[in-house]
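Chemist: Prediction below, plus the sequence it came from.
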Amino acid sequence: MAGRERMRFRACCGLVRMATAAASLWACGALAFEAEMRPLLDSSCMACHSNLVLSSLDLTQTGFDLSDPAAFRVWERVYDRVRRGEMPPAPMPAPPGEVLEPALGALKETLIEANLAARGPQRTPLRRLTRLEYRYTLADLLQIDVEHAAGLAEGLPAEADSGGFDTVAASQGISALHVRKYLDAADRALDLALNLGPRPETQTFKVEYAESGYLNFMHDGEFLGAGVTMKVGDAVATFFDSASTYMFHTDTEGYSVPAAGRYKVTVEARPYQATSPVTLTVFKGKEGVAAAAALTELIGSFDLVDDEMRALEVATFLRPGDVVSPSVADLKKPEGDYVNYYAPENNVRDYKGEGIAIRSLAVEGPLHDAWPPPSTFGLLGDLAIENGLPVLTKEPYAHIQDIVADFAARAFRRPPSAEEVEAYASLAQSLLEEGESFLNALRVPLRAVLSSPSFLFHARSSRSELPTRPPGRAPAAGARFL
């Protein structure tokens with residue numbers, strides 16, 4: 001989108017300072033600091049740094065209160081350059097030690113005190129959300145399916161090894177790769193959450209196994225792996241769980257999942273030759289080589305206790321490339337039967353062990369309870385939707401300010417300041433002036449919020465600071481980290 005392409009992420013966003021020191025303490029510290037620095041400034045600095053003619057730094061315009069982040073950055077830079085001997089520059093004479101050492105000592109001490117005070121209660125390194133925490137936080141914040149969020153989290157860089165733990169802040173780095181991946185995840189998350197397009201079509205696929213050309217070919221085959229199923233009336237009987245990896249799954253019947261989402265899987269089955277309760281299982285997995293599939297995740301298990309054909313349903317999240325298959329468990333084999341029925345010369349026609357007759361498999365989806373999805377209204381708030389577009393009741397930028405204020409409060413797990421809200425909302429202003437659509441412009445500040453340190457890092461907030469949640473809105477991010 002044009003808005004996304006023009007968006008410039010400010011990678012140098014600073015962390016929000018958690019607390020400020022008392023004004024009286026800062027006043028005393030500033031006076032002591034200034035008194036020690038003044039001889040050095042007057043003798044070695046002010047000749048060049050008292051205006052902007054000879055230098056880009058005017059120290060007469062820089063205060064001594066280091067609770068001001070801008071002043072802190074200036075004096076931190078001054079300390080570094082003077083300590084390294086870069087200032088005053090050659091051929092200017094170096095300041096005498098009796099002037100330099102007290103000044104640098106006072107400056108260093110004041111910088112440390114200011115840094116500790118700014119941290120407030122946060123005395124340990126800030127810790128990033130782990131990929132698992134990011135998954136659930138994103139799902140709660142945007143009201144998207146947790147499995148969608150899982151796919152986004154899996155694309156983030158893995159954490160450094162910390163003895164098996166991924167929550168050690170000192171071992172968590174942040175790199176350009178992290179920034180790119182967080183921006184990419186934010187884009188994809190907003191694609192899912194802000195969805196005003198046509199409602200995706202829900203499709204139903206159904207296979208009647210007794211009519212399956214593939215299975216009918218396999219029943220009487222005389223090659224390795226064939227002959228382990230047989231047709232029984234309007235169903236197909238199966239006796240071994242491993243047969244499901246290449247016999248009953250959706251890929252062998254030509255079905256491919258069209259889009260990621262929630263699906264309903266229905267299996268019709270009954271016991272066959274059973275003298276005790278038997279278990280029908282339903283697995284999902286990934287397409288494999290040829291007809292084989294890797295069925296790695298159990299999504300349903302049902303006890304069959306009578307001879308009646310039953311329709312058994314399970315809901316699951318599927319992605320393109322996934323397969324679904326019924327299978328069997330808890331089946332008794334005849335005593336003394338050690339035949340390898342997978343061998344080309346053997347067949348289950350005369351097998352006397354327990355089995356399950358499976359009539360059909362149906363897959364319906366993707367399913368949507370409502371459209372547009374709740375995630376869209378969770379972001380747009382009270383804006384009505386008509387013909388796939390939000391109905392604006394005031395200036396577009398005013399709506400964006402309101403949406404950003406609400407979203408940032410939930411994402412940051414604290415109320416944002418007015419300056420923060422304006423800083424993020426203003427990212428959309430130039431796009432609106434260029435004629436960009438409201439939704440495309442809105443994505444830019446929302447993307448910046450999802451990529452900001454205040455969202456991605458844990459920071460302490462008092463419970464009284466947590467934003468309240470209007471009815472029907474998503475909870476504050478982090479309400480369910482796990």
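Modeler: Thanks, I have it.

Chemist: any idea which helix or strand of the protein has the worst average confidence?
Modeler: The weakest-scoring helix or strand in the chain, judged by mean pLDDT, DSSP states H and E, is helix 2-6 (a mean of 44).

Chemist: so Ala269 sits right up against Met309, yeah?
Modeler: Yes: between Ala269 and Met309 there is a contact at 7.1 Å, judged by CB atoms under 8 Å. (C-beta placed from N, C-alpha, C; glycine too.)

Chemist: Give me the more crowded residue out of those two.
Modeler: Ala269 (26 against 17; other CB atoms under 10 Å).

Chemist: strand partners of the one helix or strand that one maps to, parallel vs antiparallel please.
Modeler: Ala269 belongs to strand 261-272 when elements are defined using DSSP states H and E. Sheet pairing here is set by DSSP bridges, and for strand 261-272 it gives strand 310-318 (antiparallel), strand 355-365 (antiparallel).

Chemist: Quick check: which of the ones you listed is buried the most?
Modeler: strand 355-365 (a mean of 23; mean count of other CB atoms under 10 Å).

Chemist: how about the helix or strand harbouring Asp191: buried residues?
Modeler: In the assignment (DSSP H and E), Asp191 maps to helix 176-193. Using 16 or more other CB atoms under 10 Å as the test for burial, helix 176-193 gives His178, Lys181, Tyr182, Leu183, Ala185, Ala186, Asp187, Ala189, Leu190, Leu192, Ala193.

Chemist: Remind me what that helix packs against, helices and strands.
Modeler: On a contact count with 3 or more CB pairs under 8 Å, 6 or more residues apart in numbering; DSSP states H and E, helix 176-193 meets helix 131-142, helix 146-154, helix 374-380, helix 438-450.

Chemist: ends of stretch 412-420, how far apart?
Modeler: 11 Å (CA to CA, to the nearest Å).

Chemist: Same question for stretch 204-213.
Modeler: Stretch 204-213: ends 20 Å apart by CA to CA.

Chemist: ok, back up a step: which neighbours do Ala269 and Met309 have in common?
Modeler: Common contacts of Ala269 and Met309, defined by CB atoms under 8 Å, 6 or more residues apart in numbering, comprise Ala235, Ala357, Arg359.

Chemist: Quick check, pLDDT for the last one.
Modeler: In the predicted model, Arg359 carries a pLDDT score of 98.

Chemist: Identify the residues contacting it.
Modeler: Contacts of Arg359 (CB under 8 Å, 6+ apart): Glu208, Tyr209, Ala210, Asp234, Ala235, Val236, Glu268, Ala269, Arg270, Met309.

Chemist: could I get the residues you listed as CSV with pLDDT?
Modeler: Putting those into CSV (pLDDT from 0 to 100) gives the following:
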residue, pLDDT
Glu208, 97
Tyr209, 97
Ala210, 96
Asp234, 96
Ala235, 97
Val236, 97
Glu268, 98
Ala269, 98
Arg270, 97
Met309, 96
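
Chemist: Tell me which of the strands paired with strand 261-272 approaches Tyr246 most closely.
Modeler: Nearest of these to Tyr246, taken as CB to CB: strand 355-365 at 14.9 Å.

Chemist: Extract the C-alpha trace of that closest one and format it as PDB.
Modeler: The C-alpha coordinates for strand 355-365 follow below in PDB (Å, rounded to 0.1, in the frame of the first residue of the first chain):
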ATOM      1  CA  GLY A 355     -11.500 -51.900  13.200                       C
ATOM      2  CA  ILE A 356     -13.500 -48.700  12.400                       C
ATOM      3  CA  ALA A 357     -15.600 -48.200   9.300                       C
ATOM      4  CA  ILE A 358     -15.300 -44.600   8.100                       C
ATOM      5  CA  ARG A 359     -18.000 -43.400   5.700                       C
ATOM      6  CA  SER A 360     -17.000 -39.800   5.000                       C
ATOM      7  CA  LEU A 361     -14.800 -36.800   5.800                       C
ATOM      8  CA  ALA A 362     -16.000 -33.200   5.400                       C
ATOM      9  CA  VAL A 363     -14.000 -30.000   5.800                       C
ATOM     10  CA  GLU A 364     -15.900 -26.700   6.000                       C
ATOM     11  CA  GLY A 365     -14.300 -23.300   6.100                       C
END
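
Chemist: Could you tell me how far the closest residue to Phe33 other than its chain neighbours is located from Asp68?
Modeler: Spatially, and ignoring its direct neighbours in sequence, Phe33 is nearest to Thr110 (4.3 Å; CB to CB, 6 or more residues apart in numbering). For Thr110, the distance to Asp68 equals 12 Å [CB to CB, to the nearest Å].

Chemist: same question, Glu222
Modeler: In terms of CB to CB, Glu222 sits 86 Å off from Asp68.

Chemist: hang on, Thr279 is in a strand, isn't it?
Modeler: Yes: counting by DSSP: H, G, I helix; E, B strand; the rest coil, Thr279 is part of a strand.

Chemist: That one against Leu304, yeah?
Modeler: Yes: with contact defined as CB under 8 Å, Thr279 counts as touching Leu304 (7.2 Å).

Chemist: So between those two, which is more surrounded?
Modeler: More crowded of Thr279 and Leu304, by other CB under 10 Å: Leu304, with 22 against 16.

Chemist: List the contacts of that one.
Modeler: So Leu304 contacts Ala269, Arg270, Pro271, Ala274, Pro277, Val278, Thr279, Leu280, Arg310, Ile356 (CB under 8 Å, 6+ apart).
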